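Participant: Here is a sequence with its predicted model. Questions after.
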Amino acid sequence: MTSGRRLRAVWRLGRAVVHGLRGLAIVLLRFPSLDAAARHARIAWWARGMLRALGLRLDAQGTFRPAAKLVVANHVSWLDIMAIHAVCPQARFVSKADVRHWPLVSRLVDAAGTLYLERDKRRDALRVVHRMAEALAAGQTVAVFPEGTTSDGRGLLPFHANLLQAAIATSTPVQPVALRYADATQAVSAAAEFTGDTTLARSLWRLACGDGLTVRVRVLPAMGSAHADRRALAETVRQSIAEALDALPDAPTR
């Protein structure tokens, strides 16, 4: 790596830290006095700002339905939440409980109304599905990554259907979202991978070192869920996302 590229990466990381601290200050000092719409506006601003700070361009297409919905997306990176929040700031994500222990990030994630799942406790999924159903019935938007873990972005892992039961129980439409990270030389960028034993620090450095990184967010048409079989619904949503990913340009970003 050239010294110029290394300096650029350090500069990006510095900007990301400053932006993160700015977001923390807003959460601690401003959120208590803001209504939901104002909070959502600041979540979108912060998410877009963090993507820019790390050198990523946001390429979003499609429209989210305005009413309650279960957003279902493929999972590539911890940045996926910010990519979706940049265009759908009202989404309450279901996240692994480990995120609670991430410095700085945990407080910001809490402020977005995240629902935490203890993956090592089988019965905890029932509790989370109940909480999701309550949120959806109240007209809120909930978002999940049914792969259950991150992939390398080149394909899809099997979808776990359990969490989709919340949409079925409340007859809430499911809205698929396809996510992909590209860069100046790769249609599927390795810089965004967050698999295996990759740490958050290592992921941040790889992202900051990226060249022409773009996160592509494709919002697909919503699907009805009333009386659906959850496994069949999960497979239908998975196929929709797979087709959208296949349709993305093979050429790298410019």
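Facilitator: Ah, there it is. Numbering: from 1, shown residues only.

Participant: ok, and for stretch 181-193, which residues are buried?
Facilitator: 181, 182, 183, 186, 187, 188, 189, 191, 192, 193 (16 or more other C-beta atoms under 10 Å). The C-beta positions use only the backbone N, C-alpha and C, and glycine is treated the same way.

Participant: what about the strands in the stretch 101-250 of the chain?
Facilitator: 115-117, 141-144, 174-182, 214-219 (DSSP state E, counting those that start in this stretch).

Participant: same for the longest one, what does it pack against?
Facilitator: This points to strand 174-182. Using 3 or more C-beta pairs under 8 Å, 6 or more residues apart in numbering; DSSP states H and E, the elements in contact with strand 174-182 are strand 69-73, helix 80-85, strand 214-219, helix 230-247.

Participant: change it to 10 Å
Facilitator: strand 57-61, strand 69-73, helix 80-85, strand 141-144, helix 165-170, strand 214-219, helix 230-247 (3 or more C-beta pairs under 10 Å, 6 or more residues apart in numbering; DSSP states H and E).

Participant: Nearest spatial neighbour of residue 109, chain-adjacent residues omitted?
Facilitator: residue 99 (5.7 Å; C-beta to C-beta, 6 or more residues apart in numbering).

Participant: quick one: the one you found and residue 78 touch, right?
Facilitator: Yes. Counting by C-beta atoms under 10 Å, a contact exists between residue 99 and residue 78, whose distance comes to 8.2 Å.

Participant: and the closest residue to residue 1 other than its chain neighbours, how many neighbours?
Facilitator: Closest residue in space to residue 1, ignoring its immediate chain neighbours: residue 209 at 6.7 Å, by C-beta to C-beta, 6+ apart. Other residues near residue 209 come to 18 when the count uses other C-beta atoms under 10 Å.

Participant: residue contacts, residue 209?
Facilitator: 1, 5, 6, 8, 9, 10, 12, 13, 55, 191 (C-beta atoms under 10 Å, 6 or more residues apart in numbering).

Participant: element containing the closest residue to residue 23 other than its chain neighbours, please.
Facilitator: Distances taken as C-beta to C-beta, 6+ apart place residue 46 nearest to residue 23, at 4.4 Å, with adjacent residues excluded. In the assignment (DSSP states H and E), residue 46 maps to helix 36-53.

Participant: In that helix, which residues are buried?
Facilitator: Result for helix 36-53 [16+ other C-beta under 10 Å]: buried residues 39-40, 42-53.

Participant: Let me know the closest of those residues to residue 62.
Facilitator: Nearest to residue 62 among the buried residues of helix 36-53, counting by C-beta to C-beta, is residue 44 at 15.9 Å.

Participant: In the chain, where is pLDDT below threshold?
Facilitator: Scanning the chain with the threshold set as pLDDT under 70 gives 101-106, 251, 253-254.

Participant: which residue is nearest the middle of it?
Facilitator: The centroid of the chain falls nearest to residue 81 when counting by C-alpha atoms, centre = their mean (2.4 Å).

Participant: Check the gap between the nearest residue to it once chain neighbours are set aside and residue 135 for me.
Facilitator: In space, and not counting its chain neighbours, residue 81 is closest to residue 93: 5.5 Å by C-beta to C-beta, 6+ apart. Distance of residue 93 to residue 135, given as C-beta to C-beta, to the nearest Å: 11 Å.

Participant: list residues touching both of the two?
Facilitator: In contact with both residue 93 and residue 135: 113, 115, 141, 142, using C-beta under 10 Å, 6+ apart.

Participant: By neighbours, which of those residues wins?
Facilitator: Busiest of the shared contacts of residue 93 and residue 135 [other C-beta under 10 Å] is residue 142, holding 27 neighbours.

Participant: what's the most buried one of the strands of the stretch 101-250 of the chain?
Facilitator: strand 141-144 (a mean of 26; mean count of other C-beta atoms under 10 Å).

Participant: Note down every partner strand of it and its orientation.
Facilitator: Paired with strand 141-144 in the same sheet, following DSSP bridges, are strand 69-73 (parallel), strand 91-96 (parallel).
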